[in-house]
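Colleague: Okay, sequence plus prediction incoming.
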Amino acid sequence: MTFPICVDASFIIALLVPEEFSQDALSFWEDWVQEGHEVVAPSLLQFEVTLALYRKTLRGPLAWEDFHLVLQQFLDLDINWTDLPILCIRAAELAHLFQRPNPYDTFYLALAEHLDCPLWTADERFYHAVRSKYRFIYFLGNSST
């Protein structure tokens, strides 16, 4: 039985650019595709990934010549972009509840909550901030997940 899986920007960056958890991200992604899971994310993901990739061109390790190629690889991923206005309210509530500096991360949490599906992240601080209340969040760095 397949179910949707929500991913955040940190997961996608790990999938696209060599980082500590890139091999794990690739392995999970391949399994999900093979198993027929729908990968979902709020449309905010497009902005966050573009920004993160652009910053990697400014600071390294991504060369400017590779920026468009990697960005196109991102756009080619089979992700169901979700625009639900109700996520704005819930993301703000969750950011306040967890005392997050902004609601970017909690948009993904709100979507996963709304769809009752797992959320995958490579952001360890975010994971630890919400894990005690939301058991459906998974961290790429945990081999036990």
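Modeller: Good, I have the coordinates.

Colleague: Now stretch 56-64: average pLDDT?
Modeller: Stretch 56-64 shows a mean pLDDT of 91.

Colleague: So for it, what gets flagged as buried?
Modeller: For stretch 56-64, the neighbour count (16 or more other CB atoms under 10 Å) marks 56, 62 as buried. Backbone N, C-alpha and C define where each C-beta goes, glycine included.

Colleague: next one: stretch 113-130
Modeller: 113-115, 117-123, 126-127, 129-130.

Colleague: Return the distance of residue 24 relative to residue 62.
Modeller: 20 Å (CB to CB, to the nearest Å).

Colleague: Leaving out the residues flanking it, which one is nearest to residue 44?
Modeller: Distances taken as CB to CB, 6 or more residues apart in numbering put residue 107 closest to residue 44, at 5.1 Å, once the chain neighbours are dropped.

Colleague: Run a quick neighbour tally on the one you found.
Modeller: 28 (other CB atoms under 10 Å).

Colleague: could we number from 24 for the rest of this?
Modeller: Sounds good: first residue 24 from here, last item residue 130.

Colleague: Sticking with it, tell me its helix or strand.
Modeller: Residue 130 belongs to helix 127-138 when assigned by DSSP states H and E.

Colleague: Output the contacting helices and strands for that helix.
Modeller: strand 28-30, strand 62-65, helix 67-82, helix 109-120, strand 142-144 (3 or more CB pairs under 8 Å, 6 or more residues apart in numbering; DSSP states H and E).

Colleague: looking at those, which is closest to residue 100?
Modeller: Of all the helices and strands packed on helix 127-138, strand 62-65 sits nearest to residue 100, with 7.4 Å by CB to CB.

Colleague: Mind giving me the packing neighbours of the closest one?
Modeller: strand 28-30, strand 102-105, helix 127-138.
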